[in-house]
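Peer 1: no letters, just coordinates:
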């Protein structure tokens, strides 16, 4: 099915198909990416400094000759912000001319190759920011009949495990409401890989309210703009119940949260001066009157090298069981 | 107006409804889960199993109903477990599954799934059992709701059964060792107990009763951990003593919860082996005073003591071990400490505690009366400060306590213990009396003999409330109860027995002295048996005298003593019984002691009572029958004294109210002139103060003729009264005829065949009367008499010859 | 087949504590059809006990009974037998066979059950039978020495009576049982 990317440009007299081909010593990998709603789509997956190569097939309606002023393919990197609707920002633009002006009598195949492309940013689809990579094939014809066809692909970059992982300081904090609720919580690290597990515990120092349950939320915050124009948007990606019922003073409740089932990305800081993505663990305690008490704590997420290597396998399905 | 069919209204109906709803959801989810299993879809299977487990999050159900739901879920999870195993055989690692189930967002379903996978994981040995167990027992902390947490941990306990790295288990070694197994169970136990105790403090005070009931229902979930601990093969005494027990006790004491302490102490006592208890008595007993004041420590101690007592009976060497550990001393000290420290402990419970200790002492040291005394002393010390006499429950327990040594040891010896009277003194007067009854009953049941004056005196001290009126005891006794009590005392008298007749006499005297203080109401019951015992003593003294023993108390002194007794009884007044007793005494004096004067005196006394105090004619008849019967047998009297006595007796017979009674009495009196000749004795012989048998044929005839006269007079009387149908005089004639026949056979020469023949004719004429023929009884009597004559005629001995001339 | 228990002169509590435990163990409730007691129970307690053994208890008056409801004598028909009960202190000389025979003729009974002497006796007199079950408690009596507790159980089957005598030896607490049979002959009736 790989060769079915892209639509058929019927009506315009020309149809364009693009087939990503593996470069030498390099497999074509795919990424499953969440699309609108609950749907997912599969996209070719690349990493910084990869070579992106493939074949482009331009076809005419049989028996109908098509004249053109040239065929080219562009590799674009764009950032789209909700605040700047309609004016995507291109941070990367490469081009390869495939054919000089001429005519297409029969379907014609072109090969292309972008070597050692600088794909420094990860693809990203958020609520108000998107970072996309695409190949754009243009068959230039006069008078508004030019055919332009985009072929998206996905980029993920890995980090080496932070050298200081072993010695990472845990997050430890005592919080509370005076004479009402005092807890001490502890997450084992402040920096987690996407396949990591958050391990920790909640220690109840004082409980004067009747708690019903406690959960950990994973929250994502996108920031666009800068300074006074900065805009934040938060989204809860996961809710994970860690306690049922009311504890008493002295209880300590274990936390073990596997991050892999969730659709997370690494923490992004100031991507091309356009946006940032941050992740938080939000500890929420709910009492019997449904009042909520919470404490939010930022964690750094990163993608570990091995995760990249394993990406050829289908990503773990997001499993959210129960309520 | 209420309408029907509005749905559930009572809490019970609500429960049923809620359970039904939850159960339906479980079933539905289980159905999809199993379908997913069939389709080999792990993701769906997990989703629906979590779905069914979500039902266990309900807070609506009572523990009982929740248990039903739990069992349902439990059964369904077995399908999932099988599915895990299937996947595992297909190459999926348990480590993978172990993580996978933890992706579930809801904590309760997640932990049930985790326990389920965990058990498979251990069984596969892909991971060390100890690691998984440690993880599971820790993760389960996520459920802090008491009921849900208890059931979850109970599930953990259940699925991990047999998977612990117990000594000798296949999971031992890399999977860990006995210490890990113990640790797992102890942690789970501690956590469960904390949850269980927490229930007590939830909800309003109003629901306390219901809540406590629910807690009781959940007790066994907690206790199961201890059961499993006790079943560990690797649990030896050292581990128990150094690790297990201290941690259990720490939890029990520190939880400060009445219900938990009560239940768990019992669990420990019942759950672990006897020899462990013996070795850790100090720890166990040390905890007792630390328990909450609401805990019934006596019940706990009682079950411990009960176990130890039964243990002691298994093997004599155990008792040595007990001694070595000073088990009794430790137990006694612990009981005292509990009584002192728990000032609010009810007296009844303190008593119950000592009952247990006493029971233990009795069965472990059946011959150690000093221990019994020690327990009694401790009981007294513990209860002195607690007002027991107004506490009915305490009184009841004390009675039970005092009864224990009575059953186990010789009663009289027990009563001699220093502290027995002290403890008995704690009782209210009415209860002391109850206790007195008990003491007497036990003596009677065990037929314990009271063998000395001192012991009799001591016994009387104990049963004093029955012997005299004590303030505060009379009011509630009705006449029948009183009679029953005194009947007990009357029976008790027969247990006063010394082989030495001198001592026996002293005992009788001492008892008499005590009884006199009881007033006539009691004397009525107590004097007759005492008199009989005295007469029995006379018999025994006579035997000893004949054997030549030198004695202080002679027949005479005892008879004189008896005289006093009977005279007192006559003064009660109880004339009829006294008369009978005088006759019995007279008989003793005559036929046993051979003391004519005393025998005469007794008859005199009987006659005085007859003349002055016999209330009615029927009693007179009875009394006279006894007088005649007794006098007939007495052979000590000289002719002169005998004549006086016989004269009086015959005189009485003529003075009876009714002619038939007179007639029959006179017939009886005829025998006073005709004594039997004992075998081996000649008529006319006398020896040893015994007069020869009287055989006065003429005097007999005088009597019989008088009888005939009276019968005639009776006949005249009924003729005058125009009572033609009255046949009673004819019956008298037949009676007299029979007496004639009697003496005829006895060889009374005054009765010749012709005399008899004419009497027979007289009777036969009377019997011809129509009224007589209709009187079946009379007819039969007459017919039987003729038959007797016929029978005797047929005899081939002297009697047959005698009868020959008679014609019927 | 009818079982008749004869026991008397218990003298509880004047002269004895109670029936011996061995006897009580033998007297299983529900087996016995009639209890005949010639007298001297002497308390209601003892009567109540006998009623637990059997509902039909006949007691005649002894010289130490003060219950005015007890009759001097009583006659009842059991099987083919007429059985009479009387304490016997009324019959002088006490325990005399010939004197008792007068009573037997008067009551017109085939079997006469009496007491008073505390001496067990079961014997044939002419074509009749006399039984003295002795004292069931072994109560003290001047009339007898070393009284042994005894009672009688009669098994009456039509015209045949089998009399079992139970005697307790005080020394070894052992119960001895003797058997006497008695067949009723009605031919004498023909006279």
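Peer 2: Thanks, I have the structure now. Predicted model only: the values in this text are computed from it and were never measured.
Peer 1: quick one: secondary structure of residue B:126?
Peer 2: The assignment at residue B:126 comes out as coil when based on DSSP: H, G, I helix; E, B strand; the rest coil.
Peer 1: do you know how far it is from residue B:163?
Peer 2: Counting by Cβ to Cβ, to the nearest Å, the gap between residue B:126 and residue B:163 amounts to 13 Å. All C-beta spots, glycine's among them, are computed from the backbone N, C-alpha and C.
Peer 1: more neighbours, these two?
Peer 2: residue B:163 (22 against 14; other Cβ atoms under 10 Å in any protein chain shown).
Peer 1: please give me every residue in contact with that one.
Peer 2: Contacts were defined as Cβ atoms under 8 Å, 6 or more residues apart in numbering or on different chains; by that measure residue B:163 touches B:119, B:122-123, B:129, B:133, B:171.
Peer 1: so, low pLDDT: which residues of the stretch 201-323 of chain A?
Peer 2: The stretch 201-323 of chain A contains residues with pLDDT under 70 at A:306-323.
Peer 1: likewise for chain C?
Peer 2: Per-residue confidence of chain C (counting by pLDDT under 70) places the weak regions at C:186-191.
Peer 1: now the phi/psi pair for residue A:275, please.
Peer 2: Note on residue A:275: backbone dihedrals following degrees, to the nearest 10 are phi -150, psi 160.
Peer 1: returning to that earlier point: would you convert the contacts of residue B:163 into TSV that also reports neighbour count, secondary structure and pLDDT?
Peer 2: Shown next, in TSV, are those (neighbours: other Cβ atoms under 10 Å in any protein chain shown; DSSP: H, G, I helix; E, B strand; the rest coil; pLDDT from 0 to 100):
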residue	neighbour count	secondary structure	pLDDT
B:119	24	helix	96
B:122	26	helix	96
B:123	18	helix	94
B:129	29	helix	95
B:133	28	helix	96
B:171	23	coil	95
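Peer 1: which two in those are spaced the farthest apart?
Peer 2: Of all pairs drawn from the contacts of residue B:163, the one with the longest distance (Cβ to Cβ) is B:123 and B:133, at 12.3 Å.
Peer 1: the helix or strand hosting residue A:206 pairs with which strands, parallel or anti?
Peer 2: In this assignment (DSSP states H and E), residue A:206 forms part of strand A:197-207. According to DSSP bridges, strand A:197-207 has the following sheet partners: strand A:181-187 (antiparallel), strand A:252-258 (antiparallel).
Peer 1: residues making contact with the first one?
Peer 2: Outside strand A:181-187, the residues that touch it by Cβ under 8 Å, 6+ apart are A:170-176, A:198-209, A:255, A:281, A:283, A:285, A:293, A:295, A:297, A:299.
Peer 1: change it to 7 Å
Peer 2: The set of residues external to strand A:181-187 that reach it, using Cβ atoms under 7 Å, 6 or more residues apart in numbering or on different chains, is A:170-176, A:198, A:200-209, A:281, A:283, A:293.
Peer 1: which helix or strand lies directly C-terminal to it?
Peer 2: Next along from strand A:181-187, by DSSP H and E: strand A:191-193.
Peer 1: what residues does the stretch 101-250 of chain A put near chain B?
Peer 2: Applying Cβ under 7 Å from any Cβ of the partner chain, one finds that the stretch 101-250 of chain A approaches chain B through A:239-248.
Peer 1: identify the residue spatially nearest to the residue of the stretch 51-200 of chain A found nearest chain B, adjacent ones excluded.
Peer 2: As assessed by Cβ to the nearest Cβ, chain B sits closest to residue A:197 within the stretch 51-200 of chain A, at 8.3 Å. If the residues on either side of it in the chain are set aside, residue A:197 comes closest to residue A:258, at 5.1 Å by Cβ to Cβ, 6 or more residues apart in numbering or on different chains.
Peer 1: dump the residue contacts of residue B:547.
Peer 2: Contact analysis of residue B:547 by Cβ under 7 Å, 6+ apart lists nothing.
Peer 1: could you do the one 5 residues further on as well?
Peer 2: Contact partners of residue B:552, counting by Cβ under 7 Å, 6+ apart, are residue B:502.
Peer 1: ok, it to chain C distance?
Peer 2: Using Cβ to the nearest Cβ, to the nearest Å, residue B:552 is found at 23 Å from chain C.
Peer 1: how about the stretch 1-150 of chain B: which residue is closest to chain C?
Peer 2: Closest residue of the stretch 1-150 of chain B to chain C, Cβ to the nearest Cβ: residue B:64 (44.4 Å).
Peer 1: surely that residue touches residue B:217?
Peer 2: Yes. Contact between residue B:64 and residue B:217 holds when scored by Cβ atoms under 7 Å: they sit 6.0 Å apart.
Peer 1: would you map out the domains in chain A?
Peer 2: As given by automatic domain parsing, the domain ranges for chain A are A:8-158+A:307-322, A:171-302.
Peer 1: swap in chain B?
Peer 2: Listed domain ranges for chain B are B:428-470+B:477-615, B:622-677+B:687-783 (source: automatic domain parsing).
Peer 1: can you tell me the closest non-neighbouring residue to residue 99?
Peer 2: This is for chain A. The shortest distance from residue A:99 to any residue that is not its chain neighbour, by Cβ to Cβ, 6+ apart, is 4.2 Å, and that residue is residue A:71.
Peer 1: meant chain C actually
Peer 2: On the basis of Cβ to Cβ, 6+ apart, the spatially nearest residue to residue C:99 that is not a chain neighbour turns out to be residue C:91, at 5.0 Å.
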